[in-house]
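Student: The following block contains a protein sequence and its predicted model.
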Amino acid sequence: MANALAFRITTTSFDDDYAPSHSSRATTNFANLARGEHRQQNLRNALNMIDRRFNDLARSDNPTQDRYTVELEIVSVYLRFGDGSGDQDFPLLEVLDIRIVDLRTGERHQGIVGNNFSSYIRDYDFSVLLPRSRATETGATVPDDFGDLHGKLFRRFLQSEAYRERFPMSPVICISVSTSKTYRRTENRHAVLGVEYEQDEFSMTDQYFAKMGLQVRYFMPRGSVAPLAFYFRGDLLSDYSDLQLIGTISTMETFQKIYRPEIYNSNSFAGRIYRPSLEHQDFSRTQIAYDRVERSQLAITQGTYAEEHFMRPYGHVLDQWAAGDAVPAR
């Protein structure tokens, strides 16, 4: 069964003409930005924010801070059972790929793939399976195998020919820190990633990503007001160039300012001991429309879709594959 999974990749440019396709997850954060009356201005403003932040961080030989521009592609991954168990591709996950364009020299630099991460099965796990488990158990139970299937599928994708042919490096996923945890500033500093934070225990999201073979570190870059969570394989500090790290920071910090302005567009900086909160009132809103309530509701809808069109009809095939699969954690 280990060879019974086939992956297919498609890409879509994320620019000010972007419109979500019918197969794109509606809960994808960038898809949320591309709807409504002001969709094009939303996208243009977000892309301008990314470029400004990139040039602010990439100051070397960049006196006018306009040397670079960032190009983004949405990478959509589809899964098919190669043994004939399924007759169609199932939309598995979406991430972002980055290209960095040097406007002075014309060079195009490969950025880091990953960044934003969205997944139908993760929607199912967190928005359908977990609430159902908590309702039927003691009220706070997390199943022992929570995230196992999703983690194995993700790790198998990274080993697939489809991934290795297109992407030369391991992914980095960058998201918000958890509002349920407390973070403490350390003395460790990185030239690009900034000051490192640590926490006493992993969040449920940290544990979920660990099953995907990803470890986590938390850094607050120069000019940021709160740390970001970086999920990665290998060595985050040495496996990527400064420009690659800046590409991920500028892209994902911009999205977080839009998605979670209470944390990432706060008017105060994270201190030595930091507890992020969405109840914080001293923050500035961007001029970009984003419907956070709609996204939460759609997560349930699309988790249910995954259950109906993937988990139920192919559950026995998935169970057999997962039981016999021995994908290494890293």
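Tutor: Received, thanks.
Student: what's near enough to touch the closest residue to S241 other than its chain neighbours?
Tutor: Spatial nearest neighbour of S241, chain neighbours left out: H109 (7.7 Å); criterion: C-beta to C-beta, 6 or more residues apart in numbering. In short, each C-beta sits where N, CA and C put it, glycine included. Taking C-beta atoms under 8 Å, 6 or more residues apart in numbering, we find H109 in contact with R99, I100, V101, D102, S241, L243, Q244.
Student: What of G271?
Tutor: Neighbouring residues of G271 by C-beta under 8 Å, 6+ apart: R185.
Student: In a strand, it, correct?
Tutor: No: using DSSP: H, G, I helix; E, B strand; the rest coil, the assignment for G271 is coil, not a strand.
Student: do you know how far it is from P143?
Tutor: 36 Å (C-beta to C-beta, to the nearest Å).
Student: picking up where we left off before, what pairs with the strand or helix carrying the residue nearest to S241, parallel or antiparallel?
Tutor: Here H109 sits within strand 108-110, counting by DSSP states H and E. In the sheet, strand 108-110 lines up against strand 90-102 (antiparallel) (DSSP bridges).
Student: Would you pull up how far the partner strand lies from the middle of the chain?
Tutor: Taking C-alpha atoms, centre = their mean, to the nearest Å, one finds strand 90-102 lying 10 Å from the centre of the chain it belongs to.
Student: Repeat that for stretch 40-48.
Tutor: The chain centroid and the centroid of stretch 40-48 are separated by 19 Å, computed with C-alpha atoms, centre = their mean.
Student: ok, now stretch 310-325?
Tutor: 25 Å.
Student: Let me see the confidence value for M1.
Tutor: Per-residue confidence (pLDDT) for M1: 44.
Student: Make residue 1 into 505 and carry on from there
Tutor: With 505 as the first residue, the last one maps to M505.
Student: so where is the stretch 605-754 of the chain shaky, pLDDT-wise?
Tutor: 640-644 (pLDDT under 70).
Student: Compute the distance between A826 and A508, please.
Tutor: 12 Å.
Student: So what's the residue count around L509?
Tutor: Counted by other C-beta atoms under 10 Å, the residues lying close to L509 total 21.
Student: Correct me if wrong: it contacts Y582.
Tutor: No: the criterion here is C-beta atoms under 8 Å, and L509 misses it with Y582 at 10.9 Å.
Student: What subset of the contacts of H613 is buried?
Tutor: I604, V605, L747, Q748 (16 or more other C-beta atoms under 10 Å).
Student: Farthest-apart pair in those, please.
Tutor: Farthest apart among the buried ones among the contacts of H613 by C-beta to C-beta are V605 and Q748. That separation is 13.5 Å.
Student: Confirm V699 sits in a helix?
Tutor: No: per three-state DSSP, V699 lies outside any helix segment and is strand.
Student: Surely it and Y687 touch.
Tutor: No: contact between V699 and Y687 fails when scored by C-beta under 8 Å: they sit 10.9 Å apart.
Student: ranges for the strands of this protein?
Tutor: Secondary structure of the chain (DSSP state E): strands at 509-518, 572-585, 594-606, 612-614, 618-623, 676-680, 687-694, 698-703, 719-724, 732-736, 777-778.
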